[in-house]
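K.L.:
Here is my input, please return the structure:
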Amino acid sequence: MSGIKISVVLFSLCLLASASLAAPAAADEAIPHPSTYLPKTISEVMQYKNNFDDPRSWLGSPLDPRTLLPPQLYKRLCFDQEAMKTQWAEVIGFRAPDRVGQIAPEIKPGKYTYQDLEKYPGLKALLIPQWYNRIKPGGPPHIGNIPEFEIVPTRQLYYPLPVSEATKRNAGTTKLDDQGYLIPSTWEAGFPFPKPEGEFKAIQVMWNWVFGRYCQWEQNFVNYNRLWAYTRDLKRDYQSDAFTLFGRLAGRVLIPPLGWYDERAKKRGELITGAWKWETPRDSAGMTRNMLNYMDQATPDQNLLYVPSLRRIRKMSATDTQDQVGGQDLIYDDMNLFSQKLSATRYPYDYKVEEREFLVPVTIDGTHYMSSEDFAYHNVKMERRPIYLVTMTQKDPNYVYSKREVYVDAETFVIHFIANYDQRGRLYRTEDVWWHFFEEMGMPSWFNGMVTLMDHVDLHSSFICMWQCPAFWDIRKDLGMTSVVQEAK
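P.N.:
Numbering: from 1, shown residues only. Below you'll find the predicted structure:
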């Protein structure tokens with residue numbers, strides 16, 4: 001434990017030292033650099049919420065973004081709630097509470113247990129199939145079952161006024177080619193397809209994730225992740241601590257610089273960049289992945305991996321992104337829920353979409369937790385949400401997955417759940433995230449979130465306790481590979 005603390009302290013000192021060398025490039029001077037308000041150590045984060053047996057919430061703690069953020073930044077991220085509700089409903093054409101309640105209307109808000117499955121057969125129709133199979137007491141072969149849960153009323157969710165305004169202003173201008181692939185030069189900002197429709201409706205939903213993704217403060221954030229992984233006998237075989245830093249380079253609407261982050265991003269068509277920094281276990285300490293997404297689907301995304309033991313930076317190929325992330329039940333293409341390039345030539349898909357409601361876990365008060373006794377989730381809240389179920393059938397048999405099923409929220413376009421199937425058609429890996437919503441900011445985030453990863457072939461599973469906060473980085477410095485390698489050394 002002392003070794004972990006030392007590693008955490010050294011990392012935090014490196015992060016703060018490097019970040020203090022320069023103010024954010026081309027950024028608004030009134031916006032503080034994240035190093036001025038982020039927690040100084042990982043242990044500082046964990047003292048307010050442990051992964052196991054801890055129903056406390058980060059809400060109301062010193063790590064609540066509403067109190068942690070500098071007042072001037074918090075104020076700029078907040079907007080009139082009624083105005084946000086009205087404008088976003090106009091943009092997408094509906095409010096979520098009006099789209100649910102048709103399937104199994106007898107299932108009302110309230111508390112339920114696994115023993116109610118026979119009493120209320122409508123629950124099977126409402127739950128994603130893989131979720132339905134997890135409504136039972138905890139136990140092998142996977143962690144993450146849910147023996148009891150509470151259904152809460154469906155909320156209307158929405159985005160900040162600048163996101164609504166950009167989406168409305170640019171509605172109808174984003175174009176697709178004859179195969180359904182987005183033409184980057186036609187997209188400027190906002191969600192490209194706020195009302196998916198027509199022949200390419202399914203892939204339009206996915207473009208809203210790839211190009212839109214204005215959740216998590218339009219992808220300007222920091223995560224702290226603590227992951228535990230377990231064998232089929234529920235014996236822990238891996239644990240890691242990691243930071244994730246993300247920044248948006250195109251279509252910026254919240255905090256200056258607006259539009260393009262800089263001339264380089266505009267010239268090269270850069271969309272979003274991110275860095276994953278592993279601090280533990282010891283053999284992975286300092287390992288860093290740097291990702292850069294390009295708008296043009298014909299341009300492979302850049303993925304660089306720094307391996308401290310080799311003291312080398314390795315450029316990952318398109319096939320490398322199918323490799324399993326060390327100790328975790330996902331591949332690099334699965335990170336951030338879905339990171340795979342949508343391409344007409346490199347691992348293309350056939351797309352279809354179904355629109356209906358499902359019950360999904362959500363973060364309301366942050367009191368959910370995993371028990372160390374039965375490895376099940378408790379204090380779980382679920383909500384009826386309108387969902388686009390996008391089925392992506394892989395055309396190339398050389399890709400690791402033959403099919404992906406992506407459950408996308410129809411009101412916010414965030415992904416709740418993904419089911420991936422292997423080349424034999426077996427359910428292979430699943431990934432789910434519980435989203436938190438900041439009402440005054442109009443912002444879905446992973447704050448107080450849980451991420452569950454399952455391998456259904458090898459019977460392995462893992463989960464992540466997630467703390468997230470808005471962070472508007474000096475992107476070229478803080479998220480560049482040169483900087484993160486210096487920190488790792």
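
K.L.:
And what about the residue nearest the centre of the chain, helix, strand or coil?
P.N.:
The residue at the geometric middle of the chain, judged as the C-alpha nearest the mean C-alpha position with C-alpha atoms, centre = their mean, is residue 336 (4.6 Å). Put simply, residue 336 is coil when judged by DSSP: H, G, I helix; E, B strand; the rest coil.

K.L.:
pretty sure it contacts residue 275?
P.N.:
No. Applying C-beta atoms under 8 Å as the test, residue 336 and residue 275 come out as separate, 11.9 Å apart. In this view, the C-beta of every residue, glycine as well, is placed from N, C-alpha and C.

K.L.:
and for the two, which residues touch both?
P.N.:
In terms of C-beta atoms under 8 Å, 6 or more residues apart in numbering, residue 336 and residue 275 are not both contacted by any residue.

K.L.:
Let me know how buried the closest residue in space to residue 211 that isn't next to it in sequence is, in neighbour terms.
P.N.:
Closest residue to residue 211 apart from its sequence neighbours, by C-beta to C-beta, 6 or more residues apart in numbering: residue 192 at 5.2 Å. Burial measure for residue 192: 25 neighbouring residues, criterion other C-beta atoms under 10 Å.

K.L.:
One more: residue 367?
P.N.:
17.

K.L.:
again with residue 398
P.N.:
When neighbours are defined as other C-beta under 10 Å, residue 398 has 9 of them.

K.L.:
give me every residue that touches the residue lying closest to it once chain neighbours are set aside.
P.N.:
In this structure, residue 398 finds its nearest non-sequential neighbour in residue 347, 7.8 Å apart by C-beta to C-beta, 6+ apart. In this structure, residue 347 makes contact with 318, 340-341, 394-396, 398-399, judged by C-beta under 8 Å, 6+ apart.

K.L.:
Secondary structure element for residue 347, which one?
P.N.:
Secondary-structure element containing residue 347, defined by DSSP states H and E: none, the residue being outside all helices and strands.

K.L.:
how near is it to residue 182?
P.N.:
Remark: distance between residue 347 and residue 182 (C-beta to C-beta, to the nearest Å) = 17 Å.

K.L.:
do the same with residue 422
P.N.:
29 Å.

K.L.:
Mind checking which of those two has more residues around it?
P.N.:
When neighbours are counted by other C-beta under 10 Å, residue 182 comes out ahead of the other of residue 422 and residue 182, with 24 against 15.

K.L.:
remind me which residues of the stretch 301-450 of the chain are low pLDDT?
P.N.:
Counting by pLDDT under 70, the low-confidence segments of the stretch 301-450 of the chain come to 318-319, 326-327.

K.L.:
run the last query once more with 90
P.N.:
Applying pLDDT under 90 to the stretch 301-450 of the chain flags the ranges 301-339, 341, 346, 449.

K.L.:
cool, and the stretch 101-250 of the chain?
P.N.:
139, 225, 240-243.

K.L.:
circling back to that earlier point, please name the residues that touch the residue nearest to the centre of the chain.
P.N.:
Residue 336 makes contact with 246, 274, according to C-beta under 8 Å, 6+ apart.

K.L.:
Distance of it relative to residue 375?
P.N.:
Relative to residue 375, residue 336 is positioned 25 Å away (criterion: C-beta to C-beta).

K.L.:
Check residue 173 too.
P.N.:
Separation of residue 173 from residue 375 (C-beta to C-beta) stands at 49 Å.

K.L.:
Same check on residue 150?
P.N.:
As for residue 150, its distance to residue 375 is 20 Å (criterion: C-beta to C-beta).

K.L.:
Kindly report the same for residue 286.
P.N.:
When C-beta to C-beta is applied, the distance between residue 286 and residue 375 equals 30 Å.
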